[in-house]
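> Test case, fold it:
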Amino acid sequence: MYDVNNVRFMMQPISGGGEGRYYRPGLFGGFSFFPPVIKGLLITNGLMWLFFGVFLPAFTFQNVPIFVIFREYLELWPLGTNFWPWQLVTYMFLHGGFWHIFFNMLMLWMFGTELEHTWGSAKFLLYYLLCGIGAGVANLLVAPMLGQVAPTVGASGAVFGILIAFGMLWPDRPIYVYFLLPIKAKYFIAASIGLELITGITGSPDGVAHVAHLGGAAVGFIFIFTERHSEAFRNLMGNLGSGVFRRASRPGPRAWTGSEVRDARFYDIGETRHKEDEGEVTQEVVDAILDKISKGGYQSLSDEEKRILNEASRKIH
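Residues are numbered from 1 along each chain as shown. Next up, the predicted model:
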C-alpha cells in the first residue's frame, strides 16, 4: 500500500529477477526474499526510527529534548540554516512517524528487490544513494523558490528513484491496485510522478517534500538514460557490480554484470540446455534464462529453468 497525497494504493509484491548478481534461492523457490542492500536499508532505517522516534524523545539535556539537538545536525536543513553537507545522506535515514517509514520501506522492498537482483548490490546501493542525494539537492535549490522552507527527512526521494528505474526496466509489468485492478508499471509510476508534479507546483500545504520526490525521480531517469546510451557508463557500473561486493572469503567466478546481460544473445533454451549431454550448464543457457526473466519475470520460468538457474547460483557461491 502506498500513500501519495492521501490516495492509497495496495499492490501485489513482484517476483524477483536475477540478471545482475545471483543469490541463493529464497522462501518461495525464487531468489533471496531480502537481498543484502535491501535488508541493510530496512534494518538501518528501522533502527534509526526506533532510536530517534521512540527511545530518544524520553531524554532531555538541560531541559532540552536530546532528539532536538540531533535534528539540527542530521535532518536536511535549508541552506544557511543549520545546514551541513553530510545531511544530504543522513536525512534519508530519518522519518517523521510510523506510517512515513512504513510506506517508504514497503515501496523500497516491493520495487527494489528485483532491481537489486538485476543490477547487483553495489550498483543498486550507488543508485539509491545518488537518487537520495539528488532529491536533497533539488529540495535545497528549488523548494525555497516555491516558498517551502523547512527541514526535510525521509527516504522518499530515493524510493521515487527506485520507482522510475522499475518503470523504465519493466514498463509492462502489472501492478495490482487494491489487489484487484492491474495497471502497467509505466502508467502507475507516470501517475505517481504526475501527482507529485501537480502538488509540488501548487505548493500543497500537506507537509510532504514533493520537490525532493521529483528530484529523486529525475536523477533516476538521468541515470537509466545515461546507462542506455553510454557504453563507458555501462562498463563503469558493471565493474562496480562485479568488484565492490565480491566476497573475498569465497573466491570463484565473478558475478555477471548488468552490461553483460544487456548484450546477451537470444538462444533456444531447449536446444542449448546441456553441453554434449553431460548435464553441464553453459553460460549460453544461463544467458537465455536471464533474457526470459527480463521479459517476463522470474515467475515465467519453467521448473527446469529454475533448477538450472539455482544450480548456477550454487556454483557461483
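
> Go ahead and produce CSV holding the CA coordinates of stretch 134-145.
Output of stretch 134-145 as CSV, limited to C-alpha atoms (Å, rounded to 0.1, in the frame of the first residue of the first chain):
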residue,chain,number,x,y,z
GLY,A,134,19.9,14.3,-5.8
ALA,A,135,16.5,14.6,-4.1
GLY,A,136,18.1,16.5,-1.3
VAL,A,137,19.9,18.9,-3.6
ALA,A,138,16.7,19.5,-5.6
ASN,A,139,14.9,20.3,-2.4
LEU,A,140,17.6,22.7,-1.3
LEU,A,141,17.6,24.6,-4.5
VAL,A,142,14.0,24.5,-5.8
ALA,A,143,11.8,24.3,-2.7
PRO,A,144,12.7,27.8,-1.4
MET,A,145,11.5,29.2,-4.8
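
> ok, Phe233 - contacts?
226-227 (CB atoms under 8 Å, 6 or more residues apart in numbering). C-betas here are computed from N, CA, C, even on glycine.

> tell me which element it is part of?
Element membership of Phe233, judged by DSSP states H and E, is helix 231-243.

> One more: Gly80?
Under the criterion DSSP H and E, no helix or strand holds Gly80.

> What about it, how many residues nearby?
7 (other CB atoms under 10 Å).

> Equivalent analysis for Leu115, please.
By the criterion of other CB under 10 Å, Leu115 has 28 neighbours.

> From Ser300, how far off is it?
18 Å (CB to CB, to the nearest Å).

> One more: Ala190?
Ala190 is 24 Å from Ser300, by CB to CB.

> Repeat that for Val153.
For Val153, the distance to Ser300 - CB to CB - is 39 Å.

> more neighbours, those two?
Higher neighbour count among Val153 and Ser300: Val153, with 23 against 12, using other CB under 10 Å.

> tell me the phi and psi of that one?
With angles defined as degrees, to the nearest 10, Val153 sits at phi -140, psi 160.

> pLDDT of the host helix or strand of Asp291, averaged?
Assessed by DSSP H and E, Asp291 sits inside helix 283-296. Helix 283-296 comes out with an average pLDDT of 76.

> Can you name the element that comes right after that helix?
helix 303-316.

> Just list what that next one packs against, helices and strands only.
helix 283-296 (3 or more CB pairs under 8 Å, 6 or more residues apart in numbering; DSSP states H and E).

> can you pull the buried residues of the helix it packs on?
284-294 (16 or more other CB atoms under 10 Å).

> Extract the CA atoms of it and return them as PDB.
Provided in PDB are the C-alpha atoms of helix 283-296 (Å, rounded to 0.1, in the frame of the first residue of the first chain):
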ATOM      1  CA  GLN A 283      26.700 -19.700 -19.800                       C
ATOM      2  CA  GLU A 284      24.600 -19.600 -23.000                       C
ATOM      3  CA  VAL A 285      21.800 -21.400 -21.200                       C
ATOM      4  CA  VAL A 286      22.000 -19.000 -18.200                       C
ATOM      5  CA  ASP A 287      22.000 -16.000 -20.600                       C
ATOM      6  CA  ALA A 288      18.900 -17.300 -22.300                       C
ATOM      7  CA  ILE A 289      17.100 -17.800 -19.000                       C
ATOM      8  CA  LEU A 290      18.100 -14.300 -17.800                       C
ATOM      9  CA  ASP A 291      16.700 -12.900 -21.100                       C
ATOM     10  CA  LYS A 292      13.500 -14.700 -20.300                       C
ATOM     11  CA  ILE A 293      13.400 -13.200 -16.800                       C
ATOM     12  CA  SER A 294      14.000  -9.700 -18.100                       C
ATOM     13  CA  LYS A 295      11.000 -10.100 -20.400                       C
ATOM     14  CA  GLY A 296       8.500 -11.900 -18.200                       C
END
